[in-house]
Structure formats: C-alpha cells, structure tokens
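Undergrad: any chance you could fold what I've pasted below:
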Amino acid sequence: MKIKLLVMDVDGTLTDGRIYIGADGEVMKAFDVKDGYAISNFLPEFGIVPVIITGRKSKIVEQRAQELKITQLYQGIEDKLAKLKELASSMGISREEIAYIGDDLNDMECIQWCGLSAAPADSITEILQQADFICHNNGGRGAVREFVHMIITKNEASHE
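TA: Numbering: from 1, shown residues only. Below you'll find the predicted structure:
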C-alpha cells in the first residue's frame with residue numbers, strides 16, 4: 001500500500017535532540033538542511049503530506065514548519081497516537097498509508113501502530129527494536145531525508 005502521510009517527531013528526529021535554553025527560554029535548535037530539502041521538495045512531488053506531532057511547544061518549530069510549508073503541525077501533544085488516529089480519520093487515511101519516524105518512548109505507540117516506521121540511528125534501544133527501518137544517520141543529521149528516500153522507493157515499487 002502506498003504511503004500518503006509522513007509523520008515526524010521533532011527533538012531527536014528533525015533535530016539532534018539538543019535544546020539550547022537561555023535566560024529568556026528556548027533559544028536554538030539545529031535542523032538539517034538535507035531533511036528540509038526532502039520534506040519541502042520530494043514529499044509534495046510524490047503526493048505525501050508531511051506532518052509534525054511533537055510533545056513540546058516551540059516558536060522555533062513553528063517557524064521551521066512554515067519554512068518547509070508543513071501545514072499539519074501539532075505541538076504540545078501528550079498522546080501522540082490519539083492525535084495521529086484523529087488526523088488519519090479526518091483525512092480518510094488508513095494506518096497502512098502512514099509512515100512515522102521518532103526516537104524516544106513517547107513515539108513508541110505511533111511506531112507500533114503505523115504501516116511503516118523508522119528511527120534515527122541514535123534513537124533509544126527500545127525504539128530501535130520496534131522500528132521497521134533503522135536510519136544510518138542520527139536525528140537532525142539526515143535521518144529524515146534517508147527515510148523519505150526509502151518511502152519514495154517503496155511507493156514507486158508498489159506501482160510496478
């Protein structure tokens with residue numbers, strides 16, 4: 001079945017997991033431009049909708065999502081699976097048509113539920129054991145782009 005939705009965690013997946021906090025709060029996160037290029041250029045070309053579901057709230061993530069033209073951004077989500085099921089239902093998409101990438105325990109239920117899952121190379125052991133695909137790259141270092149390429153290849157193979 002063709003993947004129609006790519007759902008991504010942020011900290012440890014789209015970033016290296018480091019959060020720089022100054023006296024006035026969150027100051028900086030590092031995103032990989034290669035991940036961003038794949039999200040904003042390859043996903044639309046292949047009809048795959050990018051989604052971010054994250055447990056934290058951050059103006060930085062909001063800004064990055066705008067840059068990448070990600071309109072499905074959900075921050076401060078405690079129950080990621082409930083949000084994902086709600087989103088899938090509202091879009092008429094089955095779990096088999098959803099790919100998910102995450103790195104920590106709060107991603108576990110989504111990784112187990114979705115049709116295709118991935119984990120950055122530096123994810124926690126429990127996630128690495130559950131994910132369908134283990135990226136060679138770490139979070140915030142091209143793991144998402146690697147997964148995007150895998151999804152596109154899989155989608156193209158399902159058409160043959």
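
Undergrad: the residue lying closest to Tyr20 once chain neighbours are set aside: how many residues sit nearby?
TA: When the adjacent residues along the chain are set aside, Tyr20 lies closest to Met28, with 4.1 Å between them (CB to CB, 6 or more residues apart in numbering). For every residue, glycine as well, the C-beta is placed using N, CA and C. By the other CB atoms under 10 Å criterion, the neighbourhood of Met28 contains 11 residues.

Undergrad: what's the answer for Ser40, then?
TA: Ser40 has 15 nearby residues by other CB under 10 Å.

Undergrad: returning to what we had before: so what's the residue nearest to Tyr20 scoring on pLDDT?
TA: Reported pLDDT at Met28 in the predicted model: 89.

Undergrad: quick one: list the elements packing against the helix or strand of the chain with the lowest mean pLDDT.
TA: The helix or strand of the chain with the lowest confidence, counting by mean pLDDT, DSSP states H and E, is strand 25-28 at a mean of 79. Secondary structure elements in contact with strand 25-28, counted by 3 or more CB pairs under 8 Å, 6 or more residues apart in numbering; DSSP states H and E, are strand 20-22, helix 59-67.

Undergrad: now the ones you listed as CSV including mean neighbour count and distance to Ser90?
TA: Shown next, in CSV, are the helices and strands packed on strand 25-28 (neighbours: other CB atoms under 10 Å; distance: least, CB to CB, whole Å):
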stretch, mean neighbour count, distance to Ser90
strand 20-22, 9, 34
helix 59-67, 16, 19
